[in-house]
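*Asks:* Using only what follows, build the 3D model:
(one chain, ligands or ions: 2)
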Amino acid sequence: MRNDLIIGLDIGSSFVRAVIGRQSSDNKLEILSIGKSKTTGYIINGDIVNVNKTSDAISEALKNIASTIEGKNNDYYFSSNISGGHINVNTFSITQARENAISPVSESELISLINSAKKSNLDKNPCILHTLPIGFQVDNLPETLEPLGQIGSKIKADFIVVTADQTKNDILKQCLISAQSEHLKTGNIYYSPLATASSVLNLDEKQLGVALVDIGSGTIEISVYTKNRLRHSKVINWGGDRITEDVQIGLNVSLEHAEVLKNKFGSALSKEIDINEVVLIPGIAGRKPTPISVKNLAIIIEERIKELTAIIMVEISKVTDPLLLKGGIVITGGGAQLPDIADLIQKVTGLESRIGEPMAIASTPQIEAEIKDPSYATAVGLVQVYFEQLNQLEVEEEIVNAPSDSKAGLRNNDSKGPNLKGLLRKTVEVLMGSNEEEENYPDEK
Ligand SMILES: Nc1ncnc2c1ncn2[C@@H]1O[C@H](COP(=O)(O)OP(=O)(O)OP(=O)(O)O)[C@@H](O)[C@H]1O
Ligand SMILES: [Mg+2]
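*Replies:* Ligands and ions are numbered 1, 2, ... in the order given. All right, here's what the predicted structure looks like:
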């Protein structure tokens with residue numbers, strides 16, 4: 001069990017959501033505190049357009065959760081996210097001849113492959129967020145994620161490379177620095193859907209094939225997994241706010257009323273709604289309240305969700321036949337709270353669909369209930385993904401530190417090397433990319 005406290009900081013187009021998590025005694029993720037602050041207008045479609053206001057929103061969200069951290073020593077980390085249409089996710093392959101065909105594939109060889117892949121991609125875009133191996137193949141052996149120990153004359157490695165616009169990445173870092181919080185010193189930045197996946201998808205789904213759809217206010221993130229590997233991911237500038245705008249225009253109401261109507265009375269299945277059901281919205285300047293047909297509201301929403309469903313199917317079809325996704329579609333993010341959304345998506349696509357709620361326990365029943373909200377999927381996932389990274393390091397270091405007898409059979413001949421501990425740390429760093437080396441932020445105070 002780790003004692004570190006990790007702050008998950010989801011910087012989204014409508015809210016900054018902050019959570020503090022730690023590892024519980026039975027190895028589960030336990031959330032100790034949650035808080036949020038509004039970012040509407042400061043972040044548009046995932047892009048930060050107002051640095052000062054975004055920094056203020058980060059500070060405010062952190063203040064909301066600070067009571068849990070106060071008095072604790074400073075062994076906490078932060079884990080934040082980056083998203084937006086500027087993110088590119090591409091596959092990349094590299095093949096290398098091996099120096100000695102009968103020596104087993106070693107960890108250092110894999111690191112060298114990953115570094116070569118990074119180097120080749122750095123020429124195209126210097127801002128690499130992640131270089132994730134999705135398969136290695138030695139000669140004609142079956143593709144695997146664990147080629148250590150295999151022998152052969154050449155090795156092929158396939159990667160998913162996630163890159164961002166350098167300026168946008170710098171702006172995000174600037175906001176974190178300007179938030180001037182003592183809680184933001186050491187941490188990582190992750191591509192949002194990687195974090196979200198770790199809090200809502202289970203292993204079986206990833207193995208069977210699943211599409212993860214995070215419906216935010218200004219973006220939709222669609223990721224496709226098969227055989228436990230990320231195959232494709234895309235951020236689209238289309239979010240729940242589009243549905244609100246449609247309601248505003250379609251029902252001739254203000255944007256504020258449209259948002260309330262959607263969130264409180266909306267549904268994705270209009271057929272289920274009685275034609276006589278109405279809600280009254282207050283009239284302006286003493287005028288009479290206006291009756292709004294709940295069925296009409298649902299008809300507008302349903303059409304938008306059908307459009308979204310078509311977008312999801314296009315993205316899935318880029319990498320696989322949608323009908324092969326036996327793990328179906330998992331919908332998360334604030335937009336997943338729309339009643340009947342999973343039923344409609346399932347009806348239209350023929351793929352089993354469910355809502356993805358973050359998987360975590362909490363220190364109080366109140367927090368437990370609050371984090372069941374799919375809007376917290378990314379924030380909780382950010383804590384989870386950081387823990388996975390720290391745990392990976394810990395396990396690797398335990399192996400390195402174990403008595404030499406117990407190491408037999410666990411590692412290839414690299415384990416005898418004097419610098420293995422550093423090498424293992426390096427493995428994690430290169431896998432996660434340049435951004436994922438823990439960022440040390442200067443204390444600006
Ligand atoms: N009950 C509800 N029914 C339908 N939509 C809802 C409901 N509650 C919230 N939403 C929508 O969820 C969206 C906000 O989701 P979320 O908080 O995940 O966004 P975000 O992470 O801030 O934005 P992004 O990920 O796009 O940067 C808004 O469009 C909001 O209208
Ligand atoms: Mg979001």
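
*Asks:* Any regions of the stretch 1-150 of the chain where pLDDT drops low?
*Replies:* Residue ranges of the stretch 1-150 of the chain with pLDDT under 70: 1-2, 71-75.

*Asks:* which bits of it sit near ligand 2?
*Replies:* Within the stretch 1-150 of the chain, the positions adjacent to ligand 2 are residue 12 by Cβ under 5 Å from the ion. C-beta here means a position set from N, CA and C on the backbone, and glycine is covered the same way.

*Asks:* Nearest to ligand 2 within the stretch 1-150 of the chain, name that residue for me.
*Replies:* The minimum distance from the stretch 1-150 of the chain to ligand 2, using Cβ to the ion, falls at residue 12 (3.8 Å).

*Asks:* quick one: that residue from residue 119, how far?
*Replies:* Distance of residue 12 to residue 119, computed by Cβ to Cβ, to the nearest Å: 33 Å.

*Asks:* buried sites along stretch 3-17?
*Replies:* Of the residues in stretch 3-17, those scored as buried under the neighbour-count criterion (16 or more other Cβ atoms under 10 Å) are 5-17.

*Asks:* Now for those residues: which two are most distant?
*Replies:* Put simply, by Cβ to Cβ the two of these set farthest apart are 5 and 13, 26.9 Å from each other.

*Asks:* Could you list which residues are in contact with the residue of the stretch 1-150 of the chain closest to ligand 2?
*Replies:* Under the criterion of Cβ atoms under 8 Å, 6 or more residues apart in numbering, the contact list for residue 12 reads 39, 43, 46, 83, 216, 217, 218, 378.

*Asks:* out of the residues you listed, who has the most neighbours?
*Replies:* residue 378 (33 neighbours; other Cβ atoms under 10 Å).

*Asks:* Correct me if wrong, but it is in a helix.
*Replies:* Yes. According to DSSP: H, G, I helix; E, B strand; the rest coil, the state of residue 378 is that of a helix.

*Asks:* Is it in contact with residue 198, as I believe?
*Replies:* No. Because the distance of 10.0 Å does not satisfy Cβ atoms under 8 Å, residue 378 is recorded as not touching residue 198.

*Asks:* what residues does the stretch 101-250 of the chain put near ligand 1?
*Replies:* Contact residues (Cβ under 6 Å from any ligand atom) of the stretch 101-250 of the chain with ligand 1: 216, 217, 218, 219, 239, 240, 241, 244.

*Asks:* ok, the fifth one - contacts?
*Replies:* Just to be clear, that refers to residue 239. 13, 45, 215, 216, 217, 218, 219, 220, 335.

*Asks:* So which of those residues is the closest to residue 267?
*Replies:* residue 335 (13.1 Å).

*Asks:* so the closest one, which of the three states?
*Replies:* Using three-state DSSP, the structure places residue 335 in helix.

*Asks:* Now that it has come up, it's in contact with residue 240, right?
*Replies:* Yes. Residue 335 lies in contact with residue 240 (Cβ under 8 Å); the separation is 3.9 Å.

*Asks:* Can you name the residues bridging to residue 92?
*Replies:* Listed by DSSP bridges, the beta-bridge partners for residue 92 are residue 159.

*Asks:* Neighbours of it, how many?
*Replies:* Quick note: residue 92 (other Cβ under 10 Å) scores 16 neighbours.

*Asks:* now the strands for the stretch 201-350 of the chain?
*Replies:* Here the stretch 201-350 of the chain has its strands, by DSSP state E, counting those that start in this stretch, at 210-215, 220-226, 229-236, 278-281, 290-293, 329-332.

*Asks:* can I assume residue 58 sits in a helix?
*Replies:* Yes. Looking at residue 58 with three-state DSSP, it is inside a helix.

*Asks:* ok, it touching residue 16?
*Replies:* Yes. Residue 58 is within contact range of residue 16, at 5.4 Å (criterion: Cβ under 8 Å).

*Asks:* Widest-spaced pair of the residues of the stretch 101-250 of the chain next to ligand 1?
*Replies:* The most widely separated members of these, counting by Cβ to Cβ, are 219 and 244 (14.4 Å).

*Asks:* quick check: domain ranges of this structure?
*Replies:* Using automatic domain parsing, the domains assigned to the chain come out as 5-85+167-191+359-387, 88-163+402-440, 240-355.

*Asks:* of all those domains, which lies closest to residue 228?
*Replies:* Using Cβ to Cβ and comparing the domains of the chain, the one that lies nearest residue 228 is domain 88-163+402-440, at 7.9 Å.

*Asks:* who has more neighbours, residue 219 and residue 244?
*Replies:* Using other Cβ under 10 Å as the criterion, residue 219 and residue 244 rank with residue 219 on top: 27 against 23.

*Asks:* who touches the more buried one in this structure?
*Replies:* Contacts for residue 219 were tallied using Cβ under 8 Å, 6+ apart; they are 13, 45, 46, 83, 84, 85, 235, 236, 237, 238, 239.

*Asks:* Tell me which stretches of the stretch 101-250 of the chain form helices.
*Replies:* If you assign secondary structure with DSSP state H, counting those that start in this stretch, the helices in the stretch 101-250 of the chain sit at 107-124, 166-178, 192-200, 203-208, 240-251.

*Asks:* and those, which is most packed in?
*Replies:* helix 192-200 (a mean of 27; mean count of other Cβ atoms under 10 Å).

*Asks:* export that helix as PDB, just CAs?
*Replies:* Only the C-alpha atoms of helix 192-200 are listed here, as PDB (Å, rounded to 0.1, in the frame of the first residue of the first chain):
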ATOM      1  CA  SER A 192      -7.600  12.600 -20.900                       C
ATOM      2  CA  PRO A 193      -9.100   9.400 -22.400                       C
ATOM      3  CA  LEU A 194      -6.200   7.300 -21.100                       C
ATOM      4  CA  ALA A 195      -7.100   8.400 -17.600                       C
ATOM      5  CA  THR A 196     -10.900   8.100 -18.200                       C
ATOM      6  CA  ALA A 197     -10.400   4.500 -19.500                       C
ATOM      7  CA  SER A 198      -8.600   3.400 -16.300                       C
ATOM      8  CA  SER A 199     -11.500   4.500 -14.100                       C
ATOM      9  CA  VAL A 200     -14.500   3.200 -16.100                       C
END
